[in-house]
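A.B. asks: Pasted the sequence and its predicted model underneath.
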Amino acid sequence: MPSYLEAVSNSATTRTSLKLATYNIKGLKIDREAVVQVLRDIDADVVAIQEVPRWLRQRSRFEAMARDAGMRIMVHGGYPRGGVTTALLVRPELASRVRTRGYKVMPLDPWRWFAVWRHSFILPSRRGFSFIDLGDYVVFSVHLGLSAAERAVHRNILLNYVDAHGHERAIVTGDFNETPDGDSWRSLGRRLRDALTDVTSNDTSAEYFTFSATRPRRRIDAVFVGSDIRVFDVYVPHTDATARASDHLPIVAELG
C-alpha cells in the first residue's frame with residue numbers, strides 16, 4: 001500500500017492514499033517506550049491520539065514521545081489550550097500538506113460529571129476533538145465520554161463540524177466509549193460509514209476488539225469514513241508492544 005505521498009491513479013482522477021491509525025495511549029501512564037514502538041511499527045501517515053498527557057508539566061513528555069516515534073504534532077492535546085484529550089500527529093513530510101488544523105473543546109455540564117462520578121467514582125475528563133484538513137481528507141480525532149447523555153450532546157457538535165468541512169471526505173476516528181449498538185455510533189453511521197464493514201462481514205470478530213489491550217472483549221474504537229473515501233484494509237495490531245503500551249489496542253486503516 002503506497003503512502004500518502006504516492007499518488008493512486010484510476011481512470012478518472014488521481015487521488016492520494018492515506019495510512020491512518022487511531023490510538024488511545026492512556027496518558028503514557030503504562031509503558032511509554034512501548035507506545036513509541038507501536039507507532040514506529042504501524043508507520044502511519046496520520047495518527048489520531050486519545051488520552052493525551054494533558055497538564056502543562058506533561059506536555060513535554062508527549063512532545064518527546066512524538067519525536068521518538070518519528071512523528072510531528074499538528075494539533076496538541078491538553079491544557080490550557082488544545083484538543084484536551086485528543087491530538088493529531090503526522091509524518092514530518094506530510095506537515096506541509098496540512099491546509100488547516102484546529103480543535104473544539106466541548107461544553108462542560110457539571111450535572112453529567114456528577115452523574116458519572118456518582119456511579120463510577122471516576123472523575124470525568126473535559127472532552128474535545130481535533131482536526132486537520134489534508135485536502136482529499138479531513139481527519140477528526142475524537143474521544144467521547146463515559147456518559148451516554150454527554151456523548152449525545154458532543155456527537156451532535158462533532159457532526160456539525162463534519163458537515164461544515166464536507167462529510168464526503170471526512171474521517172472520524174477515535175475512542176467512542178461505546179460499542180456499535182450505541183446511539184452515538186449509530187448516529188455517526190447515518191452520516192458516515194464504519195470503515196471495518198468495507199473489509200469484512202464479520203465486524204464482531206474478536207480480532208477487531210480494541211479494549212482492553214490484554215483481554216480484548218469490546219470494540220469501542222473505530223474509523224468512520226465519508227462517501228468519497230475508499231477503504232482498502234482495516235486491522236487491529238496484536239503484538240507484544242500493543243499488549244504492554246496501553247489499555248486500548250490501536251486500529252490501522254489504509255484508505256484512498
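C.D. replies: Arrived safely.
A.B. asks: could you pull out the helices for the stretch 151-256 of the chain?
C.D. replies: Counting by DSSP state H, counting those that start in this stretch, one finds helices in the stretch 151-256 of the chain at the ranges 183-191, 240-245.
A.B. asks: Name the stretch among those helices that sits most buried.
C.D. replies: Ranked by mean neighbour count, the helices of the stretch 151-256 of the chain are led by helix 240-245 with a mean of 19 (mean count of other Cβ atoms under 10 Å). Just so you know, the C-beta spots here come from the backbone N, C-alpha and C atoms, and that holds for glycine as well.
A.B. asks: Let me see the mean pLDDT of it.
C.D. replies: Across helix 240-245, the average pLDDT comes to 98.
A.B. asks: Now do the strands in this protein.
C.D. replies: Taking DSSP state E as the test, the strands found in the chain are 7-9, 14-16, 18-24, 46-50, 72-75, 86-90, 100-105, 128-133, 138-143, 170-175, 193-194, 221-225, 231-235, 251-255.
A.B. asks: Reformat these as CSV; add mean pLDDT, distance to Val35 and mean neighbour count.
C.D. replies: As requested, the strands of the chain are arranged in CSV below (pLDDT from 0 to 100; distance: least, Cβ to Cβ, whole Å; neighbours: other Cβ atoms under 10 Å):
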stretch, mean pLDDT, distance to Val35, mean neighbour count
strand 7-9, 39, 30, 12
strand 14-16, 57, 27, 15
strand 18-24, 98, 8, 25
strand 46-50, 98, 9, 30
strand 72-75, 97, 14, 22
strand 86-90, 97, 12, 28
strand 100-105, 94, 21, 16
strand 128-133, 96, 18, 25
strand 138-143, 97, 16, 28
strand 170-175, 98, 15, 26
strand 193-194, 97, 25, 18
strand 221-225, 98, 15, 26
strand 231-235, 97, 18, 17
strand 251-255, 98, 15, 24
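A.B. asks: Any idea how many residues pack against the nearest residue to Ala245 once chain neighbours are set aside?
C.D. replies: Once flanking residues are discounted, Ala245 sits nearest to Ala34: 3.6 Å by Cβ to Cβ, 6 or more residues apart in numbering. Ala34 has 20 neighbouring residues, counting by other Cβ atoms under 10 Å.
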